[in-house]
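>>> Quick one: sequence and predicted model below, then my questions.
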Amino acid sequence: MTGLEIAFFTLLGACFGSFIAAMAWRLPRGVTVWGRSACPACGHVLGVADLLPVLSFLLSRGRCRHCGGRVAALYPLVEAATALLWLACALWSVDPVEALLRAWLGTALLFLALVDAQWHYLPDAGVALAGLAGLLWLGWQDAPSLWADHLTAVGLYGGLALALRLLVSRWKGREALGLGDVKLMAVAGLWLGLAGLPPFLILSGGAGICHLLAARRWGGAEGEEAGDIIAFGPALCLALFVLVLAGPLL
């Protein structure tokens, strides 16, 4: 990609970041995803000037221009994070299509991580988008033999996650490792293939342990203070994206 193309790609990422930040707020609350953006405090429908990624927040000093209500800092943070995510994909990928599919995956994973961190569930729509990106990525590869390997990995990753869910749930006497995690593990198999299983388990497990220790040390969502409820989705999302981005080095 040229410098101009990379800049446009990054800006596009910021726009998608604005979208997923809004969806991460709306979807768990049952708010329609098709309506126009509005201020949560006063309900005023936002215009283009209010929706410029990061810039609108800075210019308005984090307040609604119409009622003065505070705008959550999460919005510009997600927009900036998604822009950096897309920039990394552009710089790390020789093929623009590969860059786009990786960015698509990363955006879906960030959305899933945001929802799971707060609400402890992984929306099927986000998992499906990550899986669709994986199918398109496989179809783009000039290696038909990958299909057998990666589709087998779907069953292996998903089967391991399901077995772990059943074992831990029986051990603790309550549901552990939600079905959303099982589905996301299957999607990870679609992207990483059989060879990616060991590094994926190590990286996601390490990230999950770090999250658990942090939750016990500083607390988090209700129930996390005692380590009872831990969202494992963010760890899975992080591990999957890092390994997909670092794929050529593995």
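Looks like it came in fine.

>>> Got phi/psi on residue 246?
Backbone torsions for residue 246, taken as degrees, to the nearest 10, come to phi -90, psi 10.

>>> And it, how far from residue 160?
Counting by CB to CB, to the nearest Å, the gap from residue 246 to residue 160 is 22 Å. The C-beta positions use only the backbone N, C-alpha and C, and glycine is treated the same way.

>>> So for the two, which residue has more residues nearby?
residue 160 (16 against 12; other CB atoms under 10 Å).

>>> Make sure the more buried one is actually in contact with residue 185.
Yes: if you go by CB atoms under 8 Å, residue 160 and residue 185 touch, sitting 7.0 Å apart.

>>> Identify each buried residue in stretch 145-165, please.
Of all the residues in stretch 145-165, those buried under the rule 16 or more other CB atoms under 10 Å are 149, 150, 153, 154, 156, 157, 158, 160, 161, 162, 165.

>>> er, stretch 161-179 actually
For stretch 161-179, a neighbour-count test (16+ other CB under 10 Å) marks 161, 162, 165, 176, 177, 178 as buried.

>>> Can you add pLDDT and distance to residue 24 and give those back as a markdown table?
Shown next, in a markdown table, are those (pLDDT from 0 to 100; distance: CB to CB, whole Å):
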| residue | pLDDT | distance to residue 24 |
| --- | --- | --- |
| 161 | 95 | 23 |
| 162 | 95 | 26 |
| 165 | 92 | 24 |
| 176 | 75 | 24 |
| 177 | 81 | 21 |
| 178 | 87 | 17 |
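
>>> Helices - which of these land there?
With helices defined by DSSP state H, the entries of the buried residues of stretch 161-179 inside them are 161, 162, 165.

>>> mind putting those residues in a markdown table, distance to residue 55 included?
Shown next, in a markdown table, are these (distance: CB to CB, whole Å):
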| residue | distance to residue 55 |
| --- | --- |
| 161 | 41 |
| 162 | 45 |
| 165 | 43 |
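
>>> ok, residues contacting stretch 72-92?
Applying CB atoms under 8 Å, 6 or more residues apart in numbering, the contact partners of stretch 72-92 are 1, 5-6, 9-14, 16-18, 20-22, 24, 53-54, 57-58, 62, 99-100, 102-103, 106-107, 110, 114, 241, 245.

>>> Generate a PyMOL selection restricted to the buried entries among the residues you listed.
Selection of buried members from these for PyMOL, criterion 16+ other CB under 10 Å:
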select buried, resi 9+10+12+13+14+16+17+18+20+21+22+24+53+54+57+99+100+102+103+106+107+110+114+241+245
